[in-house]
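J.: no FASTA, just this:
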(Lines give C-alpha, C1' and ligand atoms only; values in the text may rest on other atoms or scores of the structure.)
Protein backbone atom coordinates (compact mmCIF):
# COMPACT_ATOMS: atom_id res chain seq x y z
CA UNK A 1 0.00 0.00 0.00
CA UNK A 2 1.45 3.38 -1.00
CA UNK A 3 1.25 6.50 1.16
CA UNK A 4 -1.13 8.09 -1.35
CA UNK A 5 -3.55 5.16 -1.25
CA UNK A 6 -3.39 5.06 2.56
CA UNK A 7 -4.32 8.73 2.89
CA UNK A 8 -7.06 8.41 0.26
CA UNK A 9 -8.67 5.62 2.29
CA UNK A 10 -8.18 7.62 5.50
CA UNK A 11 -9.86 10.65 3.91
CA UNK A 12 -12.77 8.49 2.78
CA UNK A 13 -13.28 7.19 6.32
CA UNK A 14 -13.10 10.72 7.72
CA UNK A 15 -15.77 11.84 5.22
CA UNK A 16 -17.94 8.92 6.29
CA UNK A 17 -17.58 9.95 9.93
CA UNK A 18 -18.54 13.53 9.02
CA UNK A 19 -21.61 12.25 7.22
CA UNK A 20 -22.89 10.65 10.43
CA UNK A 21 -22.44 13.97 12.23
CA UNK A 22 -23.83 16.33 9.56
CA UNK A 23 -26.64 14.27 8.04
CA UNK A 24 -29.05 14.59 11.01
CA UNK A 25 -28.60 18.36 10.88
CA UNK A 26 -29.53 18.59 7.21
CA UNK A 27 -32.33 16.08 7.61
CA UNK A 28 -34.09 18.59 9.91
CA UNK A 29 -33.86 21.14 7.10
CA UNK A 30 -35.37 18.62 4.71
CA UNK A 31 -38.26 18.07 7.13
CA UNK A 32 -38.74 21.81 7.41
CA UNK A 33 -38.82 22.15 3.63
CA UNK A 34 -41.45 19.42 3.43
CA UNK A 35 -43.54 21.24 6.04
CA UNK A 36 -43.20 24.45 4.05
CA UNK A 37 -44.40 22.73 0.91
CA UNK A 38 -47.46 21.37 2.79
CA UNK A 39 -48.24 24.84 4.16
CA UNK A 40 -48.12 26.37 0.70
CA UNK A 41 -50.40 23.64 -0.68
CA UNK A 42 -52.91 24.24 2.11
CA UNK A 43 -52.86 28.00 1.50
CA UNK A 44 -53.42 27.51 -2.22
CA UNK A 45 -56.32 25.13 -1.56
CA UNK A 46 -57.83 27.59 0.93
CA UNK A 47 -57.60 30.49 -1.47
CA UNK A 48 -59.07 28.45 -4.34
CA UNK A 49 -62.04 27.32 -2.23
CA UNK A 50 -62.66 30.85 -0.95
CA UNK A 51 -62.72 32.11 -4.51
CA UNK A 52 -65.26 29.40 -5.45
CA UNK A 53 -67.49 30.40 -2.52
CA UNK A 54 -67.32 34.04 -3.53
CA UNK A 55 -68.28 33.19 -7.11
CA UNK A 56 -71.21 30.97 -5.98
CA UNK A 57 -72.47 33.71 -3.64
CA UNK A 58 -72.30 36.37 -6.34
CA UNK A 59 -74.06 34.07 -8.79
CA UNK A 60 -76.90 33.55 -6.29
CA UNK A 61 -76.22 29.89 -5.82
CA UNK A 62 -75.57 30.40 -2.10
CA UNK A 63 -77.60 32.60 0.17
CA UNK A 64 -75.84 34.85 2.64
CA UNK A 65 -76.30 32.55 5.65
CA UNK A 66 -74.87 29.46 3.91
CA UNK A 67 -72.10 31.54 2.37
CA UNK A 68 -71.06 32.88 5.81
CA UNK A 69 -71.28 29.41 7.41
CA UNK A 70 -69.11 27.80 4.73
CA UNK A 71 -66.48 30.56 4.98
CA UNK A 72 -66.26 30.08 8.76
CA UNK A 73 -65.85 26.30 8.37
CA UNK A 74 -63.17 26.78 5.70
CA UNK A 75 -61.32 29.28 7.88
CA UNK A 76 -61.45 26.86 10.84
CA UNK A 77 -59.99 24.00 8.83
CA UNK A 78 -57.26 26.32 7.61
CA UNK A 79 -56.35 27.21 11.19
CA UNK A 80 -55.94 23.50 11.91
CA UNK A 81 -53.52 22.98 9.00
CA UNK A 82 -51.50 26.13 8.50
CA UNK A 83 -50.42 27.30 12.00
CA UNK A 84 -48.42 24.16 12.92
CA UNK A 85 -46.55 24.22 9.62
CA UNK A 86 -45.93 27.92 9.92
CA UNK A 87 -44.67 27.52 13.45
CA UNK A 88 -42.19 24.82 12.30
CA UNK A 89 -40.88 27.12 9.58
CA UNK A 90 -40.82 30.46 11.20
CA UNK A 91 -39.96 29.53 14.77
CA UNK A 92 -37.85 26.36 14.19
CA UNK A 93 -35.17 26.55 16.95
CA UNK A 94 -31.49 25.61 16.51
CA UNK A 95 -31.04 26.37 12.79
CA UNK A 96 -28.13 28.72 13.48
CA UNK A 97 -26.56 26.31 15.98
CA UNK A 98 -26.84 23.51 13.40
CA UNK A 99 -24.81 25.56 10.95
CA UNK A 100 -22.22 26.26 13.63
CA UNK A 101 -21.99 22.56 14.55
CA UNK A 102 -21.53 21.66 10.89
CA UNK A 103 -18.66 24.09 10.43
CA UNK A 104 -16.97 23.03 13.68
CA UNK A 105 -17.30 19.34 12.73
CA UNK A 106 -15.69 19.97 9.36
CA UNK A 107 -12.66 21.41 11.16
CA UNK A 108 -12.42 19.21 14.25
CA UNK A 109 -13.21 15.70 12.99
CA UNK A 110 -10.38 15.48 10.36
CA UNK A 111 -7.86 17.18 12.67
CA UNK A 112 -8.78 14.91 15.58
CA UNK A 113 -8.57 11.81 13.39
CA UNK A 114 -5.07 12.69 12.13
CA UNK A 115 -3.83 13.66 15.61
CA UNK A 116 -5.18 10.54 17.32
CA UNK A 117 -3.74 8.29 14.62
CA UNK A 118 -0.34 9.89 15.10
CA UNK A 119 -0.63 9.21 18.85
CA UNK A 120 -2.14 5.72 18.83
CA UNK A 121 -1.78 4.52 15.26
CA UNK A 122 0.85 2.20 13.80
CA UNK A 123 2.29 4.36 11.03
CA UNK A 124 5.88 3.58 12.10
CA UNK A 125 5.20 -0.16 12.06
CA UNK A 126 3.51 0.15 8.67
CA UNK A 127 6.52 2.06 7.33
CA UNK A 128 8.90 -0.57 8.72
CA UNK A 129 6.85 -3.37 7.18
CA UNK A 130 6.83 -1.64 3.82
CA UNK A 131 10.59 -1.06 4.02
CA UNK A 132 11.18 -4.75 4.76
CA UNK A 133 8.91 -5.73 1.89
CA UNK A 134 10.78 -3.43 -0.46
CA UNK A 135 14.15 -4.74 0.74
CA UNK A 136 13.02 -8.32 0.26
CA UNK A 137 11.81 -7.53 -3.25
CA UNK A 138 15.04 -5.70 -4.04
CA UNK A 139 17.12 -8.60 -2.72
CA UNK A 140 15.07 -10.99 -4.82
CA UNK A 141 15.62 -8.85 -7.90
CA UNK A 142 19.36 -8.66 -7.22
CA UNK A 143 19.54 -12.41 -6.72
CA UNK A 144 17.78 -13.00 -10.03
CA UNK A 145 20.06 -10.54 -11.79
CA UNK A 146 23.14 -12.12 -10.22
CA UNK A 147 21.98 -15.61 -11.21
CA UNK A 148 21.45 -14.46 -14.80
CA UNK A 149 24.87 -12.79 -14.97
CA UNK A 150 26.51 -15.86 -13.42
CA UNK A 151 24.93 -18.08 -16.07
CA UNK A 152 26.23 -15.76 -18.80
CA UNK A 153 29.73 -15.79 -17.29
CA UNK A 154 29.72 -19.58 -17.09
CA UNK A 155 28.69 -19.90 -20.74
CA UNK A 156 31.51 -17.60 -21.85
CA UNK A 157 34.10 -19.39 -19.71
CA UNK A 158 33.09 -22.75 -21.13
CA UNK A 159 33.76 -21.34 -24.60
CA UNK A 160 37.10 -19.77 -23.56
CA UNK A 161 38.29 -21.48 -20.34
CA UNK A 162 41.74 -19.84 -20.16
CA UNK A 163 40.50 -16.89 -18.08
CA UNK A 164 41.56 -17.74 -14.51
CA UNK A 165 40.13 -14.52 -13.05
CA UNK A 166 36.79 -15.38 -14.63
CA UNK A 167 36.75 -18.85 -13.01
CA UNK A 168 37.61 -17.32 -9.63
CA UNK A 169 34.79 -14.79 -10.01
CA UNK A 170 32.38 -17.53 -11.09
CA UNK A 171 33.25 -19.62 -8.01
CA UNK A 172 32.73 -16.66 -5.66
CA UNK A 173 29.43 -15.82 -7.35
CA UNK A 174 28.16 -19.37 -6.89
CA UNK A 175 29.20 -19.21 -3.22
CA UNK A 176 27.17 -16.02 -2.72
CA UNK A 177 24.21 -17.71 -4.42
CA UNK A 178 24.76 -20.73 -2.12
CA UNK A 179 25.12 -23.02 -5.13
CA UNK A 180 28.00 -24.83 -3.48
CA UNK A 181 28.30 -27.78 -5.88
CA UNK A 182 28.61 -25.38 -8.82
CA UNK A 183 31.11 -23.30 -6.84
CA UNK A 184 33.28 -26.37 -6.19
CA UNK A 185 33.20 -27.21 -9.90
CA UNK A 186 34.21 -23.63 -10.83
CA UNK A 187 37.16 -23.69 -8.41
CA UNK A 188 38.28 -27.06 -9.82
CA UNK A 189 38.20 -25.53 -13.30
CA UNK A 190 40.28 -22.68 -11.93
CA UNK A 191 42.86 -25.15 -10.59
CA UNK A 192 43.06 -26.90 -13.97
CA UNK A 193 43.82 -23.59 -15.72
CA UNK A 194 46.78 -22.70 -13.44
CA UNK A 195 50.05 -24.24 -14.62
CA UNK A 196 52.98 -22.40 -13.07
CA UNK A 197 51.84 -21.51 -9.54
CA UNK A 198 51.39 -24.43 -7.14
CA UNK A 199 50.26 -22.19 -4.28
CA UNK A 200 47.52 -20.65 -6.42
CA UNK A 201 46.42 -24.11 -7.54
CA UNK A 202 46.43 -25.27 -3.93
CA UNK A 203 44.22 -22.29 -2.98
CA UNK A 204 41.79 -23.19 -5.75
CA UNK A 205 41.55 -26.78 -4.47
CA UNK A 206 41.16 -25.49 -0.91
CA UNK A 207 38.26 -23.27 -1.99
CA UNK A 208 36.74 -26.23 -3.80
CA UNK A 209 37.02 -28.31 -0.61
CA UNK A 210 35.33 -25.52 1.34
CA UNK A 211 32.43 -25.35 -1.14
CA UNK A 212 32.02 -29.14 -1.03
CA UNK A 213 32.08 -29.01 2.79
CA UNK A 214 29.21 -26.50 2.76
CA UNK A 215 27.37 -28.56 0.16
CA UNK A 216 27.58 -31.65 2.39
CA UNK A 217 26.25 -29.56 5.31
CA UNK A 218 29.45 -29.86 7.32
CA UNK A 219 30.24 -33.52 6.72
CA UNK A 220 33.77 -34.57 5.82
CA UNK A 221 32.73 -36.55 2.71
CA UNK A 222 35.08 -38.38 0.36
CA UNK A 223 34.80 -35.50 -2.11
CA UNK A 224 35.83 -33.02 0.56
CA UNK A 225 38.78 -35.17 1.65
CA UNK A 226 39.87 -35.62 -1.96
CA UNK A 227 39.91 -31.86 -2.57
CA UNK A 228 41.84 -31.31 0.68
CA UNK A 229 44.43 -33.90 -0.34
CA UNK A 230 44.83 -32.21 -3.74
CA UNK A 231 45.34 -28.86 -2.03
CA UNK A 232 47.87 -30.09 0.54
CA UNK A 233 49.78 -32.09 -2.07
CA UNK A 234 50.57 -28.73 -3.69
CA UNK A 235 50.87 -26.72 -0.45
CA UNK A 236 50.76 -28.48 2.94
CA UNK A 237 49.93 -25.14 4.61
CA UNK A 238 46.94 -24.23 2.42
CA UNK A 239 44.81 -22.36 4.96
CA UNK A 240 41.34 -23.38 3.72
CA UNK A 241 42.31 -27.05 3.95
CA UNK A 242 43.86 -26.55 7.39
CA UNK A 243 40.74 -24.79 8.60
CA UNK A 244 38.46 -27.64 7.44
CA UNK A 245 40.72 -30.24 9.01
CA UNK A 246 40.63 -28.30 12.28
CA UNK A 247 36.82 -28.13 12.20
CA UNK A 248 36.60 -31.86 11.48
CA UNK A 249 38.98 -32.71 14.32
CA UNK A 250 37.14 -30.44 16.76
CA UNK A 251 33.77 -31.99 15.85
CA UNK A 252 35.24 -35.45 16.43
CA UNK A 253 36.49 -34.41 19.87
CA UNK A 254 40.13 -34.49 18.80
CA UNK A 255 40.89 -31.07 20.27
CA UNK A 256 44.66 -31.44 20.30
CA UNK A 257 44.70 -32.11 16.56
CA UNK A 258 42.32 -29.21 15.94
CA UNK A 259 44.68 -26.93 17.85
CA UNK A 260 47.62 -28.04 15.68
CA UNK A 261 45.79 -27.30 12.45
CA UNK A 262 44.51 -23.91 13.59
CA UNK A 263 47.75 -22.81 15.20
CA UNK A 264 49.47 -23.59 11.91
CA UNK A 265 47.12 -21.13 10.20
CA UNK A 266 48.05 -18.44 12.75
CA UNK A 267 51.71 -19.14 12.08
CA UNK A 268 51.66 -19.16 8.27
CA UNK A 269 48.90 -16.55 7.73
CA UNK A 270 49.12 -13.89 10.48
CA UNK A 271 47.07 -11.54 8.30
CA UNK A 272 44.25 -14.04 7.79
CA UNK A 273 40.91 -12.09 7.68
CA UNK A 274 39.29 -14.48 10.18
CA UNK A 275 42.24 -14.71 12.54
CA UNK A 276 40.14 -13.64 15.55
CA UNK A 277 37.68 -16.49 14.97
CA UNK A 278 40.54 -18.97 14.58
CA UNK A 279 42.09 -17.83 17.86
CA UNK A 280 38.72 -18.15 19.57
CA UNK A 281 38.49 -21.72 18.26
CA UNK A 282 41.96 -22.49 19.61
CA UNK A 283 41.05 -21.11 23.05
CA UNK A 284 37.84 -23.13 23.07
CA UNK A 285 39.75 -26.31 22.18
CA UNK A 286 42.19 -25.71 25.05
CA UNK A 287 39.28 -25.20 27.44
CA UNK A 288 37.69 -28.48 26.26
CA UNK A 289 41.02 -30.14 27.17
CA UNK A 290 40.93 -28.46 30.58
CA UNK A 291 44.05 -26.48 29.79
CA UNK A 292 44.85 -22.79 29.94
CA UNK A 293 45.38 -21.45 26.41
CA UNK A 294 48.83 -19.91 25.95
CA UNK A 295 48.86 -16.16 25.60
CA UNK A 296 49.89 -15.31 22.05
CA UNK A 297 52.47 -12.68 21.43
CA UNK A 298 50.79 -9.42 20.77
CA UNK A 299 51.38 -8.23 17.25
CA UNK A 300 52.21 -4.62 16.72
CA UNK A 301 49.03 -2.66 16.29
CA UNK A 302 48.68 -0.99 12.95
CA UNK A 303 45.99 0.95 11.18
CA UNK A 304 42.89 2.61 12.60
CA UNK A 305 41.34 1.23 15.76
CA UNK A 306 40.20 2.02 19.29
CA UNK A 307 41.96 1.56 22.61
CA UNK A 308 39.69 0.97 25.59
CA UNK A 309 40.27 0.23 29.25
CA UNK A 310 38.03 -2.54 30.61
CA UNK A 311 37.31 -2.75 34.34
CA UNK A 312 35.05 -4.79 36.61
CA UNK A 313 32.70 -2.92 38.92
CA UNK A 314 33.57 -3.17 42.60
CA UNK A 315 30.03 -4.47 43.18
CA UNK A 316 31.08 -7.79 41.61
CA UNK A 317 34.48 -8.04 43.30
CA UNK A 318 35.15 -11.63 44.33
CA UNK A 319 32.13 -12.98 42.41
CA UNK A 320 33.78 -13.63 39.05
CA UNK A 321 36.22 -16.58 38.75
CA UNK A 322 39.55 -15.69 37.17
CA UNK A 323 39.09 -18.22 34.35
CA UNK A 324 35.81 -16.63 33.20
CA UNK A 325 36.03 -15.76 29.52
CA UNK A 326 36.06 -12.05 28.70
CA UNK A 327 34.79 -10.86 25.31
CA UNK A 328 35.26 -7.30 24.07
CA UNK A 329 33.08 -6.47 21.06
CA UNK A 330 33.29 -3.50 18.69
CA UNK A 331 30.07 -3.13 16.71
CA UNK A 332 28.93 -0.78 13.98
CA UNK A 333 26.64 2.04 15.09
CA UNK A 334 24.38 1.18 12.16
CA UNK A 335 21.39 -0.55 13.75
CA UNK A 336 20.73 -2.57 10.60
CA UNK A 337 24.18 -4.14 10.78
CA UNK A 338 24.97 -5.28 14.33
CA UNK A 339 27.55 -7.90 13.36
CA UNK A 340 30.72 -7.40 15.45
CA UNK A 341 33.49 -5.69 13.51
CA UNK A 342 36.14 -6.90 15.95
CA UNK A 343 36.21 -9.28 18.91
CA UNK A 344 38.98 -9.73 21.50
CA UNK A 345 38.98 -12.68 23.89
CA UNK A 346 40.67 -12.58 27.29
CA UNK A 347 39.91 -13.80 30.81
CA UNK A 348 38.65 -12.15 33.98
CA UNK A 349 42.13 -12.55 35.46
CA UNK A 350 43.37 -9.91 32.99
CA UNK A 351 41.11 -7.20 34.44
CA UNK A 352 41.65 -4.32 34.55
CA UNK A 353 43.18 -4.30 31.07
CA UNK A 354 43.82 -1.92 28.18
CA UNK A 355 42.82 -3.46 24.84
CA UNK A 356 43.58 -2.17 21.34
CA UNK A 357 40.93 -3.29 18.83
CA UNK A 358 41.82 -3.04 15.14
CA UNK A 359 41.67 -5.17 12.01
CA UNK A 360 43.74 -7.89 13.70
CA UNK A 361 40.54 -8.87 15.50
CA UNK A 362 38.17 -8.60 12.54
CA UNK A 363 35.47 -11.26 12.16
CA UNK A 364 34.95 -10.91 8.41
CA UNK A 365 36.86 -9.26 5.56
CA UNK A 366 33.58 -7.66 4.48
CA UNK A 367 33.05 -5.99 7.90
CA UNK A 368 36.28 -4.39 9.08
CA UNK A 369 36.69 -1.96 11.92
CA UNK A 370 38.89 0.30 9.76
CA UNK A 371 35.96 0.84 7.37
CA UNK A 372 33.89 2.82 9.90
CA UNK A 373 34.41 6.12 11.72
CA UNK A 374 33.05 5.07 15.11
CA UNK A 375 32.02 1.93 16.97
CA UNK A 376 29.87 0.86 19.90
CA UNK A 377 31.78 -1.11 22.55
CA UNK A 378 30.43 -3.94 24.73
CA UNK A 379 32.35 -6.12 27.21
CA UNK A 380 30.94 -9.39 28.52
CA UNK A 381 32.19 -11.94 31.06
CA UNK A 382 30.74 -15.23 29.86
CA UNK A 383 30.19 -17.98 32.43
CA UNK A 384 29.85 -20.59 29.65
CA UNK A 385 32.67 -19.30 27.44
CA UNK A 386 30.08 -18.72 24.69
CA UNK A 387 30.05 -15.40 22.85
CA UNK A 388 26.25 -15.37 22.91
CA UNK A 389 24.82 -13.51 25.91
CA UNK A 390 23.25 -15.74 28.56
CA UNK A 391 21.55 -15.19 31.89
CA UNK A 392 24.14 -14.83 34.64
CA UNK A 393 26.80 -13.23 32.43
CA UNK A 394 28.32 -9.93 33.53
CA UNK A 395 28.23 -7.11 30.99
CA UNK A 396 29.02 -3.46 30.47
CA UNK A 397 28.73 -1.10 27.53
CA UNK A 398 29.49 2.49 26.66
CA UNK A 399 26.59 4.90 26.23
CA UNK A 400 28.31 6.83 23.43
CA UNK A 401 30.20 5.54 20.35
CA UNK A 402 34.00 5.75 20.30
CA UNK A 403 35.83 7.25 17.33
CA UNK A 404 38.10 4.98 15.27
CA UNK A 405 41.52 6.59 14.82
CA UNK A 406 45.24 5.99 14.55
CA UNK A 407 45.76 7.18 18.13
CA UNK A 408 46.99 4.54 20.58
CA UNK A 409 45.71 6.48 23.60
CA UNK A 410 42.93 5.06 25.75
CA UNK A 411 39.75 6.56 24.33
CA UNK A 412 37.32 5.43 27.03
CA UNK A 413 36.89 3.31 30.14
CA UNK A 414 34.30 0.54 29.93
CA UNK A 415 33.04 -0.77 33.27
CA UNK A 416 31.33 -4.16 33.51
CA UNK A 417 28.58 -3.14 35.92
CA UNK A 418 25.52 -5.32 35.35
CA UNK A 419 24.54 -8.99 35.49
CA UNK A 420 22.20 -10.27 32.81
CA UNK A 421 18.85 -11.70 33.81
CA UNK A 422 16.33 -13.83 31.95
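T.: Cool, the structure landed. Owing to the predicted nature of the structure, the values given are computational and were not obtained by experimental measurement.

J.: next up, the contacts around residue 412.
T.: Applying C-beta atoms under 8 Å, 6 or more residues apart in numbering to residue 412 gives the contacts 306, 308-309, 377, 398, 402. Every residue, glycine included, has its C-beta placed from N, CA and C.

J.: residues near residue 230, how many?
T.: 20 (other C-beta atoms under 10 Å).

J.: avg pLDDT for the helix or strand hosting it?
T.: Assigning secondary structure by DSSP states H and E places residue 230 in helix 222-234. The average pLDDT within helix 222-234 is 93.

J.: tilt between the following helix or strand past that helix and helix 222-234?
T.: As assigned by DSSP H and E, the chain's next helix or strand after helix 222-234 is helix 239-251. Angle between the axes of helix 239-251 and helix 222-234 is 130 degrees (criterion: axes from the mean of the first three to the mean of the last three C-alpha atoms, to 10 degrees).

J.: now helix 239-251: mean pLDDT?
T.: Mean pLDDT, helix 239-251: 92.

J.: buried residues of it, list them for me.
T.: Going by neighbour count (16 or more other C-beta atoms under 10 Å), the buried part of helix 239-251 is 239-250.

J.: kindly reformat the residues you listed as CSV containing distance to residue 154.
T.: What follows is the buried residues of helix 239-251, written out as CSV (distance: C-beta to C-beta, whole Å):
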residue, distance to residue 154
239, 27
240, 22
241, 25
242, 30
243, 27
244, 25
245, 30
246, 32
247, 29
248, 30
249, 35
250, 35
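
J.: circling back: report the buried members of the contacts of residue 412.
T.: 306, 308, 377, 398, 402.

J.: the stretch 201-350 of the chain: strands as residue ranges?
T.: 306-312, 325-332, 340-347 (DSSP state E, counting those that start in this stretch).

J.: give the other helices and strands that the helix or strand where residue 185 lies contacts.
T.: Element membership for residue 185 (DSSP H and E) is helix 180-193. Counting contacts by 3 or more C-beta pairs under 8 Å, 6 or more residues apart in numbering; DSSP states H and E, helix 180-193 packs against helix 164-176, helix 198-215, helix 222-234.

J.: for the ones you listed, which one sits closest to residue 13?
T.: helix 164-176 (46.1 Å; C-beta to C-beta).

J.: give me the angle between the closest one and helix 198-215.
T.: 20 degrees.

J.: just the buried positions in helix 164-176, please.
T.: For helix 164-176, the neighbour count (16+ other C-beta under 10 Å) marks 164, 166-171, 173-175 as buried.

J.: quick one: residue 290 and residue 69, what's the gap?
T.: Residue 290 is 130 Å from residue 69, where distance means C-beta to C-beta, to the nearest Å.

J.: shaky segments in the stretch 151-300 of the chain?
T.: 271, 273, 295-300 (pLDDT under 70).

J.: and stretch 172-181, how far apart are its ends?
T.: The first and final residues of stretch 172-181 sit 12 Å from each other (C-alpha to C-alpha, to the nearest Å).

J.: cool, and stretch 247-258?
T.: One end of stretch 247-258 to the other measures 7 Å (C-alpha to C-alpha).

J.: off-centre distance for it?
T.: Chain-centre distance of stretch 247-258: 38 Å, with C-alpha atoms, centre = their mean, to the nearest Å.

J.: and for it, what's in contact with it?
T.: 213, 218, 220, 245-246, 261, 281, 285-286, 288-289.

J.: now, which of those residues sits nearest residue 197?
T.: residue 245 (22.7 Å).

J.: count the neighbours of the residue lying closest to the closest one once chain neighbours are set aside for me.
T.: Among residues not flanking residue 245 along the chain, residue 261 sits closest, at 4.7 Å (C-beta to C-beta, 6 or more residues apart in numbering). As a burial measure, residue 261 scores 24 neighbours (other C-beta under 10 Å).

J.: residue 261 and residue 195, how far apart?
T.: Residue 261 is 29 Å from residue 195, where distance means C-beta to C-beta.

J.: now residue 237
T.: The value you get for residue 237 to residue 195, if C-beta to C-beta is used, is 21 Å.

J.: more neighbours, those two?
T.: Just comparing residue 237 and residue 195: by other C-beta under 10 Å the higher neighbour count belongs to residue 237, 15 against 9.

J.: for that one, give me its contacts.
T.: Residues in contact with residue 237 (C-beta under 8 Å, 6+ apart) are 264, 268.

J.: for it, phi and psi?
T.: When read as degrees, to the nearest 10, the backbone of residue 237 gives phi -100, psi 30.

J.: so for the strand or helix carrying residue 14, mean pLDDT?
T.: Residue 14 is part of helix 3-58 when elements are defined by DSSP H and E. Average pLDDT, helix 3-58: 67.

J.: ok, stretch 64-82 next?
T.: 67.

J.: switch to numbering from 326
T.: In the new numbering, first residue 326, that becomes stretch 389-407.

J.: which one of the contacts of residue 737 sits closest to residue 696?
T.: residue 631 (13.5 Å).

J.: residue 482 sits in which helix or strand?
T.: Using DSSP H and E, the element containing residue 482 is helix 448-484.

J.: so what's residue 651 up against?
T.: By C-beta under 8 Å, 6+ apart, residue 651 lies in contact with 635, 670-673, 675-676, 704-707.

J.: contacting residues around the nearest residue to it once chain neighbours are set aside?
T.: Nearest residue to residue 651, sequence neighbours excluded (C-beta to C-beta, 6+ apart): residue 671, at 4.4 Å. By C-beta under 8 Å, 6+ apart, residue 671 lies in contact with 650-651, 653, 678, 680.

J.: and what of residue 630?
T.: Shown in contact with residue 630 (C-beta under 8 Å, 6+ apart): 667, 681-684, 694-695, 729-730.

J.: ok, now with 7 Å
T.: The contact partners of residue 630, by C-beta atoms under 7 Å, 6 or more residues apart in numbering, come to 681-683, 694, 729.

J.: could you do residue 648 as well?
T.: By C-beta under 7 Å, 6+ apart, the contact set of residue 648 is residue 672.

J.: next one: phi and psi at it?
T.: Dihedral angles (degrees, to the nearest 10) for residue 648: phi -90, psi 10.

J.: from residue 619, how far off is it?
T.: For residue 648, the distance to residue 619 (C-beta to C-beta) stands at 14 Å.

J.: what residues are up against the nearest residue to residue 508 once chain neighbours are set aside?
T.: The spatially closest residue to residue 508, leaving aside those adjacent along the chain, is residue 499, at 3.6 Å (C-beta to C-beta, 6+ apart). Contact analysis of residue 499 by C-beta under 7 Å, 6+ apart lists 475, 507-508, 511.
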